[in-house]
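# Fold the following for me, if possible:
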Amino acid sequence: MADVLNHPLLAQRYFFPSGQLPKNRVDVEVDGATLACAAHPTEGERTVVFFHGNGETTGNWQGTLDEIFNRLGWGLFLAEYRGYGGSTGEPHLGRMLDDVGAIIDAAGPPENLVVMGRSVGSIFALEAVQRFPNIAGLIIESGIADPLERILLRVSPQEIDATDADFEQAEQRLNHEGKMSGYIGPSLVLHTRHDGLVDHSHAERLHAWAGGQSRLRTFEHGNHNSILFENAPDYLQEIADFLHAL
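Take a look at the predicted model:
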């Protein structure tokens with residue numbers, strides 16, 4: 001299982017790291033790498049942990065998300081991945097999943113945290129609520145219901161010498177239905193109907209699988225990469241209402 005998810009060809013074809021360095025940097029030490037995360041705290045203890053999308057870095061969201069969440073009275077902890085931004089290491093999925101524990105430990109007590117995953121970041125946000133079921137809330141934006149389905153669009157089992165048993169084990173580790181249904185805290189699922197990269201059906205599945213109270217908000221404008229900016233008032237109101245209810 002670990003060998004399949006950590007195969008270099010999978011990393012090469014599925015992840016697209018860029019190199020923008022963050023401000024307010026917080027280094028998180030993990031096995032074999034240093035993650036260049038960033039923190040924008042407030043006076044309170046409550047914090048949103050944000051796992052960004054593919055081809056993005058923590059620095060891309062500074063000056064935007066930090067101002068949004070700080071105005072709402074929440075701190076923001078921007079999680080970074082191996083090989084992205086100022087982090088060392090290579091973006092090997094199995095190891096990136098294992099890094100989630102150290103990221104949450106660095107961000108604060110789980111009961112004071114809301115985790116938010118955008119696109120590929122939904123993989124790590126769902127890993128977080130599986131590992132820390134007392135996390136206060138979960139927000140998924142443009143999220144992925146079946147990561148292995150997406151991976152198999154980029155790499156075949158034969159290319160990485162994987163057996164059926166290897167992929168069965170990988171599927172268990174990337175089981176988003178199990179992770180969603182196992183989390184009984186509140187969740188908010190945000191998606192645009194016209195997402196051309198991750199179909200809206202992913203949002204419908206994630207919402208249907210939720211083990212706790214869940215809200216699905218579908219936006220009629222924007223696409224995968226413009227969902228926030230083309231729906232800003234409604235998007236931000238959904239997040240504000242969700243956080244205020246906790």
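
# Residues touching the lengthiest helix in the chain, excluding its own?
For the chain, the longest helix by residue count, based on DSSP state H, is helix 93-107. Here helix 93-107 makes contact (Cβ atoms under 8 Å, 6 or more residues apart in numbering) with 1-2, 4-6, 10-11, 14-15, 26, 28-33, 35, 37, 39, 47, 49, 77, 79, 81-82, 89, 110, 113, 115, 123-124, 127-128, 131-132, 135, 151, 173. Using the backbone N, CA and C atoms, a C-beta is placed for each residue, glycine as well.

# what comes up buried for it?
With burial defined by 16 or more other Cβ atoms under 10 Å, the residues of helix 93-107 counted as buried are 93-100, 102-104, 106-107.

# Nearest to Gly19 among the residues you listed?
Proximity of the buried residues of helix 93-107 to Gly19 (Cβ to Cβ) peaks at Met96, which lies at 17.1 Å.

# picking that back up, and the buried residues of helix 93-107, which is closest to Glu56?
Met96 (14.4 Å).

# about what we covered before: out of the contacts of helix 93-107, which end up buried?
Judged by 16+ other Cβ under 10 Å, buried ones among the contacts of helix 93-107: 1-2, 4-6, 10-11, 14-15, 26, 28, 30, 33, 35, 37, 39, 47, 49, 77, 79, 81-82, 89, 110, 113, 115, 123-124, 127-128, 132, 135, 151, 173.

# So Asp105 versus Arg131, what's the distance?
According to Cβ to Cβ, to the nearest Å, Asp105 and Arg131 sit 10 Å apart.

# Sketch out the low-pLDDT regions of the protein for me.
1-2 (pLDDT under 70).

# All the helices of it, residue numbers only.
2-5, 8-14, 58-61, 65-71, 93-107, 121-131, 147-151, 164-173, 176-182, 200-209, 227-230, 232-244.

# Nearest to Pro22, out of the ones you listed?
Short answer: helix 58-61, nearest of the helices of the chain by Cβ to Cβ, at 4.3 Å.

# With adjacent residues omitted, what lies nearest to the residue at minimal distance from the centre of the chain?
In the chain, the residue lying closest to the centroid (Cα atoms, centre = their mean) is Gly121, at 2.2 Å. Leaving out its chain neighbours, the residue that sits closest to Gly121 by Cβ to Cβ, 6 or more residues apart in numbering is Phe51, at 3.2 Å.

# Just grab the bridge partners of the one you found for me.
Phe51 has these beta-bridge partners by DSSP bridges: Ala79, Gly117.
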